[in-house]
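Visitor: got a predicted structure plus its sequence, pasted below:
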There are 2 protein chains.
Amino acid sequence: MNTTIPMKAEPGFTNHNADNRTYSSADKAAGKMSAPQFAQRLSRFRYQMVQAGQDAALVFSPVNLRYLFNYSGEALMAIVSPSAVVLVTDYRFIAQASQEAPAELQLKCYCRDRDRESLAQVIAAHLLQFKARRVWFEDSDISVLQWRAICEGNGLIEFSPCPPHLAAQRMVKDEWEVVQIEQAAAIADLALERALPLLQVGVSEREFATELEYQLKKAGAEDFSFATILGFAERSALPHALPGSKRLKKGDLIVLDFGAVVNGYRSDMTRSFVCGKASPLQQQMYNAVFNAQRAALDAVRAGISGAALNNIAADVLAASPFAKDAGPGLGHGVGLQLHEQPFLGPLCRQLLPENAVITIEPGIYITDFGGVRIEDDVLVTKEGCRILTKAAKQFELPERL
Amino acid sequence: MNTTIPMKAEPGFTNHNADNRTYSSADKAAGKMSAPQFAQRLSRFRYQMVQAGQDAALVFSPVNLRYLFNYSGEALMAIVSPSAVVLVTDYRFIAQASQEAPAELQLKCYCRDRDRESLAQVIAAHLLQFKARRVWFEDSDISVLQWRAICEGNGLIEFSPCPPHLAAQRMVKDEWEVVQIEQAAAIADLALERALPLLQVGVSEREFATELEYQLKKAGAEDFSFATILGFAERSALPHALPGSKRLKKGDLIVLDFGAVVNGYRSDMTRSFVCGKASPLQQQMYNAVFNAQRAALDAVRAGISGAALNNIAADVLAASPFAKDAGPGLGHGVGLQLHEQPFLGPLCRQLLPENAVITIEPGIYITDFGGVRIEDDVLVTKEGCRILTKAAKQFELPERL
């Protein structure tokens, strides 16, 4: 899938930028290098299923459906047996499911008539056909209501929750996946660079976020990673401020947290600014966060635990004048899901594996005053890390550009 | 909340439109008329809870949390007793929950430390304090995994699924709610009018969708109702085509389905076009869908069943040359949720209440050829309906504008 929007000006489609750059990884991300290893992903999962004595598994998680079967739509679930896979959806998504399915997996797509057969019935018919008796299901992605109906229609099956094997598998990225996240990060960098001149006295949070999101799409994002977080002045202390009508004033702190999606893979970055010259207190806040992030970036490598890395940054903040205003948690894995394994926090004993992609995002939040957060996406390597987010860490914005 | 983005050009923020229109309902929607009746909504729900012999209810649905408590964020649940409400969230959303809470409800907001106490523990402590023993929970909006943890921590409570009273209550819109949907529909109309000149030979689906979504935001949408659906040529036959890299050619059918969000309320409209002159077959398709929609619009009124209304449109399509290509289902309620009660389909016996807002969207989908769908949002009235979507139903686009 080509995710790059050409910057050619069309009548009525004003080209905001003379600058026609795309990013060097675009061609690679378009699929010209190692494609995702769908067959390998599925066979690993099947191996764990069979080892656990399970005859089949019901997969409900949209993220895992994309990871295993390349499916990017909605309203679909999969029945996986040791030798077959059936994707169950309805008329709205059946064509998409078939088109996206990796040919090498030889999936069967089943179009359910929602007026005539329940999902429970379709599952029962297939489990019978597979002679399945012990069946895993993803209990994290099915509601109690839906699950009750499925159980009632499958009284003879012995269901048990599927351990998070797929989440663990997804934690370690292959080369193709890293390229997707790298490109998503590059799109975010480029969009910020293009939108930044608008971030000046008088602009509203919503105006700036609108322009930034427009630039994300024009630079090739298929979607936003999440609803853009943007807060001016005291609103920058809200870790999840949604852009509102507040207008930027000289001296305001600004926290901006956003990302792009490429082939389902997400980036996630935060930059903090001050409009004009920083006050001594603001500069102190920024320095503390910058140094906390720097310490974590210096320490990250395969084999360190999420807690150890978290504590390195937390110690820097604890030694600053802002100890009590530090946000909990240092970061999280990012990939097909915005927040995925591994997690970085005081209780996260998991060791970071090589080729995990994580965010490192310490922050200080002073209620009714403002906040500072700096966040990069980084690839964990044997010796250290590779930082995927390249945007400058410029704190002071010129008041007028 | 002011949802209107001024169209004033800022340096670096190019004004695409000399046309500075906003829509007449903007001031009303900004809150100058009857505000949402939060106290009444909650007391109705409590009445049903107490009538059913329940001591408390656990509310998990984001839509119901917005409907009852004006909360627009994430990661929050509510414990409702006959005399108290506790909103449980964490540091990320606690400030937002407090700020958005309607003052007249005297809610308590509880900030959970996720590293030190589980949601199950917080729920158990509050249910104990409320002396609650029989408790409703919203089983449609909690995963099997999360629910198991809550149950394990609340062994003495007799939980039962909460019937969909809130969904039924939400089905009938008050005056304030209608204004929000009306404004969302007006924003969609305006954005389409502004973006439409770009819909000509050579534009890609993604380019057009990007421009349309930009215009939605600039016209005041706080979000998009859903991922914009746009398919050219044979892709227009996919009921849920996401915009891709396909470029528009002369003679292509086009299906465009999108909407805006205002104060959480959604609009949902579809227009179908042909690029240039329609072929006789394309025109026949369009006429069949147009006539099916017309028949349903003429028949809709409070008291008709979803099935009866569905069948009126279905009969028109069944009598056309496209009987076998008609999509199932005529439409759905729309409000805080994109798809909500009442539903319009062959099995929907529910009678449409006065002041429901529904979509009417018949469609024809010919695989490998193309599709046509036309969709308006309409307010159901005692005598008929008021159509909230005002965009023209122009089928043929000029090849060059």
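Guide: In hand now; what should we look at?

Visitor: helix/strand/coil for the residue nearest the centre of chain A?
Guide: Geometric centre of chain A, nearest residue: A:Leu338, 2.4 Å, by Cα atoms, centre = their mean. Secondary structure assignment for A:Leu338 (DSSP: H, G, I helix; E, B strand; the rest coil): coil.

Visitor: hang on, it packs against A:Ile229?
Guide: No. In this structure A:Leu338 lies outside contact range of A:Ile229 using Cβ atoms under 8 Å: 11.9 Å. In this view, the C-beta of every residue, glycine as well, is placed from N, C-alpha and C.

Visitor: neighbours of the closest residue to A:Ser279 other than its chain neighbours, just the number please.
Guide: Take A:Ser279 and drop its neighbours on the chain: the residue closest to it by Cβ to Cβ, 6 or more residues apart in numbering or on different chains is A:Gly251, 7.0 Å away. Other residues near A:Gly251 number 16, with proximity taken as other Cβ atoms under 10 Å in any protein chain shown.

Visitor: same question for A:Ser140.
Guide: Neighbourhood size, A:Ser140 [other Cβ under 10 Å]: 16.

Visitor: looking at chain A, which helix or strand is least sure?
Guide: Least confident helix or strand, chain A: helix A:26-27 with a mean of 42, by mean pLDDT, DSSP states H and E.

Visitor: tell me which element A:Cys109 is part of?
Guide: Of the helices and strands defined by DSSP states H and E, A:Cys109 is found in strand A:108-111.

Visitor: what of A:Tyr365?
Guide: A:Tyr365 is part of strand A:363-366, with elements assigned from DSSP H and E.

Visitor: elements contacting that strand?
Guide: With contacts defined as 3 or more Cβ pairs under 8 Å, 6 or more residues apart in numbering or on different chains; DSSP states H and E, strand A:363-366 has these neighbours: helix A:280-299, strand A:370-373.

Visitor: now, of these, which is deepest in the fold?
Guide: For the helices and strands packed on strand A:363-366, ranked by mean neighbour count under the definition mean count of other Cβ atoms under 10 Å in any protein chain shown, the leader is strand A:370-373 at a mean of 26.

Visitor: what's the helix or strand just after that strand packed up against?
Guide: Scanning the chain past strand A:370-373 towards its C-terminal end, the next helix or strand to appear is strand A:376-380 (assignment: DSSP H and E). Contact partners of strand A:376-380 among helices and strands, from 3+ Cβ pairs under 8 Å, 6+ apart: helix A:175-195, helix A:280-299, strand A:357-360, strand A:385-387.

Visitor: what's strand A:376-380 in contact with?
Guide: Residues outside strand A:376-380 that contact it (Cβ atoms under 8 Å, 6 or more residues apart in numbering or on different chains): A:173, A:178, A:181, A:185, A:267-269, A:293, A:297, A:300-302, A:334, A:352-361, A:385-389.

Visitor: what subset of those is buried?
Guide: Burial by neighbour count, judged by 16 or more other Cβ atoms under 10 Å in any protein chain shown, picks out A:173, A:178, A:181, A:185, A:267-269, A:293, A:297, A:300, A:302, A:334, A:352-353, A:355-361, A:385, A:388-389 from the contacts of strand A:376-380.

Visitor: which element is the residue nearest to A:Ser279 on?
Guide: When secondary structure is defined by DSSP H and E, A:Gly251 falls outside every helix and strand.

Visitor: residues contacting it?
Guide: A:Gly251 is in contact with A:Val274, A:Cys275, A:Gly276, A:Lys277, A:Ser279, counting by Cβ under 8 Å, 6+ apart.

Visitor: could you give the bridge partners of the second one?
Guide: Under the criterion DSSP bridges, A:Cys275 forms beta bridges with A:Leu397.

Visitor: ok, it - how many residues close by?
Guide: Here the number of neighbours of A:Cys275 (other Cβ under 10 Å) works out to 22.

Visitor: that one reaches A:Lys250, doesn't it?
Guide: Yes. Taking contact to mean Cβ under 8 Å, the distance of 5.6 Å between A:Cys275 and A:Lys250 places them in contact.

Visitor: which neighbours do the two share?
Guide: A:Val201, A:Glu399.

Visitor: and the helices in chain A?
Guide: Using DSSP state H, the helices of chain A run over residues A:26-27, A:38-51, A:62-69, A:94-100, A:119-129, A:144-152, A:165-171, A:175-195, A:205-218, A:280-299, A:306-318.

Visitor: what's the distance between the residue located most distally from the centre of chain A and A:Lys131?
Guide: Checked against the mean C-alpha position of chain A, the extreme residue using Cα atoms, centre = their mean is A:Leu156, at a distance of 38.1 Å. From A:Leu156 across to A:Lys131, the span is 11 Å (Cβ to Cβ, to the nearest Å).
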